[in-house]
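Participant: Sequence plus predicted model, see below.
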Amino acid sequence: MSAFILLTVMTALRILSRNRLRAGLTMLGIVIGVGAVIAMVSIGQGARAAVQAQVASMGTNVIIIMPGSTTVSGVRGGQGGAVTLTVGDAAELKKRSPLLSDTGWAKRDVMQIVNGNRNWNGPVNGISPSYLTIRDWSFTSGGPFTHTDLESAARVALIGQTTLENLFDFGEDAIGATIRIKNVPFQVVGVLAPKGQSAQGSDQDDVIFIPFTTAERKVFGSQFLGSVGALFASTEQSADLPEAVEQIREVLRARHRLQGEQADDFTIRTQVDIGKVQESTSQTLTVMLFAIASVSLLVGGIGIMNILLVSVTERTREIGVRMAVGAKRLHILMQFLIEAVTLSLVGGVIGVAVGIVGARLTTVIAGWPTIISFDAIATAFVFSLAVGLFFGLYPANKAARLNPIEALRYE
Amino acid sequence: MASLIVCEDLWKIYRVGDVEVQALRGINLTIDRGEFVAVMGTSGSGKSTLMNILGCLDQPTRGRYELDGMDVGAAKPDLLADLRNRQIGFVFQSFNLIPRTSALENAQLPLFYRGLSIKEQRKQAAAALQRVGLAGREQHYPTQLSGGQQQRVAIARALVGAPSILFADEPTGNLDTASSREIMSILEQLNREDGITIILVTHESDIAAYASRELVMKDGQIVQDVRRAPHLTGVL
């Protein structure tokens, strides 16, 4: 039997190589289907990995509390009265909610920053030192500012990579340099390690951090001292996040004196929520991929079935001869099935190659990250095998059921 | 010696639309091992139908057919395939070689379905080709061979599995006189030296003259059955 299969595979390959154009056109459907799936899964996985990295770059088990209402994509709704959250809320949360390992706060505004003869407009964030630990910021040089700096409203600043590149020469040491924000001189004490794009697509490295107190008193000129742009908190375990959210809601509602039916004057989002949005996006992508893959594999399979039916008709006499010399129905069935599977598998292999090249080209040309997924390659193989078997079965069965006498007489 | 083929009251009835065609009408026939039988008759006399049934390609509607002591009248398709593979060799008028496949691989075909190792298949097929005088042409494709050579490949394919019967259906019908003579002398040799039973269908009496027994068919029946000394014996 093994000699039979080996020789049949060899015969199938020979028959296919004899009709290269025909075989090529027949396989095209499978090639395109498999190629598209491999390329798109690679792009999808690349995108997903990038998104996961972005979500992870927010920090670990982070809870963000924003004043007013926000839409799902993160754009703030009721902007006017958004002074509902305060430093006092943060302190209260830390005291009253045992699940929270830390709380922090921040307020931001876009301002002009000047270093010597260079200037740059970027977001300036007044923050509590705890914000840095909650968001997992690390440093390439220097270090964070301290509580003492916060209490004394020290004029110290931490700058992100993008800000560094725009305000300083390449390789220049920024630590100890004096930059001016709204004409107030600040000493750079730390350069932040890069985080890249956020889950919303903004550059997280285009940033300057200064102590919150310094920001509201000397730079922003806030009307309501202590009002913050957002509160941040974190938990030890990601499993604690839902309960922590409830605790925060209770504490804040009590502090803001919100009665029964009254809506929250703040919005709480967790890293998990943000991850979920991305997840559902990639799920939509996966469903679409499967739709494309099924359609092209279906078309490819019909192509294979069509060409095999032609082949069975063309080779009717050959089938008759094979039966006359002792081929059983199973032998004939196997021969045509093996030809079908060979077609679909060779198509699958070429498709995988096309997909990988396509994914690489996408990275090179469009600059999108791609990850070649071995799962996708394995799945593509299994599917092309299945397509070959499924669509080969009908023609192969037709061949196997030929009457040897009629087949021999066929002109 | 036990008879190789025994037919008793063999009938074959086709139905074409509403018309019933009686292709064979009660054939009684016994053929012994080692015989060289020529079957003659006009077209439509039923000789092809008889060949197909004797060759296990078809089955009788009624009657009994024993091949080598085995009743094959109602055998299953796979058993018939097995019998064709081991007991029977076919030589056709139109050669019926598999196109674009070498002489050696064509000759290998019965062994391929017998499940022999590739090495053994090649060895035996090469020996069979040598037997029909085609040594050195193993890798030729059918289109690179003359008609007579193609028919010799077909004979090699028929005898490679060491069958007990060889059916030759108008084997010289597409060949010139010289090639016909070559083919017939190979068949004669196989009959005489290897003791292979040969059943030859022809409508040419000079081809039938190679046989030691002549059957004449008409309207689905055997109307004449003559045994004689083949004419070539002693002539050459």
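Facilitator: Looks like it came in fine.

Participant: which residue does the stretch 251-400 of chain A bring closest to chain B?
Facilitator: residue A:326 (2.4 Å; CB to the nearest CB). Where you see a C-beta, it was placed from the backbone N, CA and C, and this is true even at glycine.

Participant: what about that residue, distance to residue B:92?
Facilitator: 15 Å (CB to CB, to the nearest Å).

Participant: tell me the secondary structure for residue A:323?
Facilitator: Here residue A:323 is recorded as helix under DSSP: H, G, I helix; E, B strand; the rest coil.

Participant: domains in chain A, as residue ranges please.
Facilitator: The record's domain parsing of chain A by automatic domain parsing lists A:2-54+A:276-409, A:85-264.

Participant: State the mean pLDDT of the longest one.
Facilitator: The predicted model gives domain A:2-54+A:276-409 an average pLDDT of 88.

Participant: And for stretch A:254-273?
Facilitator: 82.

Participant: Could you save the domains of chain A as a markdown table and add columns showing mean neighbour count?
Facilitator: Listed next are the domains of chain A as a markdown table, based on neighbours: other CB atoms under 10 Å in any protein chain shown:
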| stretch | mean neighbour count |
| --- | --- |
| domain A:2-54+A:276-409 | 19 |
| domain A:85-264 | 18 |
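
Participant: a markdown table please, covering those and showing distance to residue B:192.
Facilitator: Converted to a markdown table, these look like this (distance: least, CB to CB, whole Å):
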| stretch | distance to residue B:192 |
| --- | --- |
| domain A:2-54+A:276-409 | 24 |
| domain A:85-264 | 91 |
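
Participant: so where do the strands sit in chain B?
Facilitator: Assigned by DSSP state E, chain B shows strands spanning B:3-16, B:19-32, B:36-41, B:62-67, B:70-71, B:88-91, B:165-169, B:197-201, B:213-218, B:221-227.

Participant: okay, these, which one's buried deepest?
Facilitator: strand B:88-91 (a mean of 26; mean count of other CB atoms under 10 Å in any protein chain shown).

Participant: ok, it: who's next to it in the sheet?
Facilitator: The strands beside strand B:88-91 in its sheet (DSSP bridges) come out as strand B:165-169 (parallel).

Participant: The strand it pairs with to strand B:19-32, inter-axis angle?
Facilitator: 140 degrees (axes from the mean of the first three to the mean of the last three CA atoms, to 10 degrees).

Participant: Show me which residues of chain B are close to chain A?
Facilitator: Residues of chain B lying close to chain A (CB under 8 Å from any CB of the partner chain) are B:52, B:55, B:57-58, B:77-78, B:81-82, B:84-86, B:90, B:92, B:96-100, B:109-110, B:112-118, B:121, B:157, B:161.

Participant: Produce a PyMOL select command limited to the buried residues of those residues.
Facilitator: Entered in PyMOL, the line below selects the buried ones among those, by 16 or more other CB atoms under 10 Å in any protein chain shown:
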select buried, chain B and resi 52+55+57+58+81+82+84+85+86+90+92+96+97+98+109+110+112+113+114+116+118+121+157+161
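
Participant: which residue does chain B bring closest to chain A?
Facilitator: Taking CB to the nearest CB, chain B has residue B:85 as its residue nearest chain A, at 2.4 Å.

Participant: Next up, the contacts around the residue sitting nearest the centre point of chain A.
Facilitator: Central residue of chain A (CA atoms, centre = their mean): residue A:48, 1.5 Å from the mean position. Contacts for residue A:48 (CB atoms under 8 Å, 6 or more residues apart in numbering or on different chains) come out as A:278, A:282.

Participant: That one: helix or strand, and which one exactly?
Facilitator: Per DSSP states H and E: residue A:48 is located in helix A:20-57.

Participant: The following helix or strand past that helix pairs with which strands, and in what direction?
Facilitator: Using DSSP H and E, the helix or strand that follows helix A:20-57 towards the C-terminus is strand A:62-67. Partners of strand A:62-67 in the sheet, by DSSP bridges, are strand A:230-235 (antiparallel), strand A:266-270 (antiparallel).

Participant: got the contact list for the shortest one?
Facilitator: Strand A:266-270 is contacted by residues A:61-70, A:74, A:84-85, A:241-242, A:245, A:248-249, A:252, A:256 when judged by CB under 8 Å, 6+ apart.

Participant: Relative to residue A:391, which of the strands of chain B is closest?
Facilitator: Nearest to residue A:391 among the strands of chain B is strand B:88-91 (33.0 Å), distances taken as CB to CB.
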